[in-house]
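Engineer: all I have is the shape, not the residue letters:
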Ligand SMILES: O=C(O)CCCC[C@@H]1SC[C@@H]2NC(=O)N[C@@H]21
C-alpha cells in the first residue's frame, strides 16, 4: 500500500507485507520517491543491523526505513540518529507511559536495561535511510545476539495491554520524528542534545566503548555538539565519533 504524503512533515508511507530488508527496499526505491517516505514491512527475510550484523525480527515486531533528503553536510545528516532515537523513545512512551526507557549512545532504545530497539543509518547522498527495528511483540532469542551485547527485550514483555500493531506504532513514530526534525531545522542540534542527555543511560558512569581500532574504558561524560561520545579516560578526555558501548 502506498499512501500520499499527508502525514506530519509531508511524509508518505509505503506498507509492505514482506521484503528482504527495508534498507534494501529503500535503496531500490529512493531514486523514484517524491519526498520523505516511510517504508514499513510486516516481515523481513534478510534484515540487517549495525556493523553488518543480522537483525532478527520475530512476528509482530516493527521494521521500517525512513528515506529523507537532508540538507547540510554528512555529519549533520548523521545527527538524525539522535532525532530518530528521541522519536522512538516518544513513540514507545505513548504506548507504555510507565516503562523504564533510556537511550544508549549512539541510538539504541533500552527498556528496563535491555535492548528494545535499534537504529541503522545509511547515507547514500542525496538520500539518507534511517532504519528502525522495535521488538514490539517478541524479543529475539538471546543466543542470536552478539556476546557481551545487552539482552534483547520486548514491549509486550513489560506491558499488560497487547503491544501496538506495527502500523499504529508507525503513526506515532512518524509524528514524533516530524516534531523533532522540525525542532532540528529551527534550532539546530543543541536542544536535541540536551533532551537526549536527559534520557541517556549510564551518564557519568563507567562504560567501555569498542571502535574498529580499540576498546576504551572511561566515564561517560557527555555527548558533544557533533554527537560524539565524550569519555574521560586515565589518559584524558576522548571524543569518539563511532563505536559500540558496553556497560
Ligand atoms: O543493529 C541495530 O541495533 C540496528 C538494527 C536496525 C534494524 C532495522 S529493522 C528495519 C530496517 N531494516 C533492516 O534491515 N534493518 C533496519
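Structural biologist: Cool, got the structure. These numbers were taken from a predicted model, which means no experiment stands behind them.

Engineer: closest residue of the chain to the ligand?
Structural biologist: residue 118 (2.1 Å; Cβ to the nearest ligand atom). For the C-beta atoms, the positions are set from N, CA and C on the backbone; glycine is no exception.

Engineer: name the residues of the helix or strand hosting that residue that are buried.
Structural biologist: For residue 118, the enclosing helix or strand under DSSP states H and E is strand 114-124. Buried residues in strand 114-124, counting neighbours by 16 or more other Cβ atoms under 10 Å, are found at 114-122.

Engineer: with adjacent residues omitted, what lies nearest to residue 152?
Structural biologist: Among residues not flanking residue 152 along the chain, residue 139 sits closest, at 4.1 Å (Cβ to Cβ, 6 or more residues apart in numbering).

Engineer: ok, residue 150 - how many residues close by?
Structural biologist: 19 (other Cβ atoms under 10 Å).

Engineer: part of a strand, is it?
Structural biologist: No. If the criterion is DSSP: H, G, I helix; E, B strand; the rest coil, then residue 150 is coil and not within a strand.

Engineer: could you double-check that it sits in contact with residue 117?
Structural biologist: No. Counting by Cβ atoms under 8 Å, residue 150 does not reach residue 117; the two are 11.4 Å apart.

Engineer: who touches both of those two?
Structural biologist: Common neighbours of residue 150 and residue 117, using Cβ atoms under 8 Å, 6 or more residues apart in numbering, are residue 108.

Engineer: what parts of the protein come near the ligand?
Structural biologist: Within the chain, the positions lying close to the ligand (Cβ under 6 Å from any ligand atom) are 21-23, 44, 47-50, 53, 55, 63-65, 108, 118-120, 131-133.

Engineer: remind me, longest helix of this structure?
Structural biologist: Assignment by DSSP state H gives helix 166-187 as the longest helix of the chain.

Engineer: immediately after that one, which helix or strand?
Structural biologist: helix 190-198.

Engineer: what's the model's confidence in the helix or strand following that following helix, averaged?
Structural biologist: Proceeding N to C from helix 190-198, the next assigned helix or strand is strand 206-210, under DSSP H and E. In this model, strand 206-210 has a mean pLDDT of 95.

Engineer: the residues of the chain next to the ligand in helices, which ones?
Structural biologist: 22-23.

Engineer: would you turn the buried residues of strand 114-124 into TSV with pLDDT?
Structural biologist: Output for the buried residues of strand 114-124, formatted as TSV (pLDDT from 0 to 100):
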residue	pLDDT
114	96
115	96
116	97
117	97
118	96
119	97
120	97
121	97
122	97
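
Engineer: what about this protein, any weak spots by pLDDT?
Structural biologist: 1-9 (pLDDT under 70).

Engineer: buried ones in stretch 89-101?
Structural biologist: Those would be 89-93, 95-96, 99, 101, for stretch 89-101 by 16+ other Cβ under 10 Å.

Engineer: what comes into contact with stretch 49-61?
Structural biologist: By Cβ under 8 Å, 6+ apart, stretch 49-61 touches 43-44, 46-48, 63, 118, 120, 133-141, 144, 146, 154, 156, 163, 166, 244.

Engineer: same check, this time on stretch 225-237
Structural biologist: So stretch 225-237 is contacted by 75, 78-79, 81-82, 105-106, 189-190, 193, 207, 209, 216-224, 238-241, 243, 245 (Cβ under 8 Å, 6+ apart).

Engineer: what segments of this protein are strands?
Structural biologist: 2-7, 11-19, 37-44, 62-68, 101-104, 108-111, 114-124, 127-134, 206-210, 215-223, 229-233, 236-240, 244-246 (DSSP state E).
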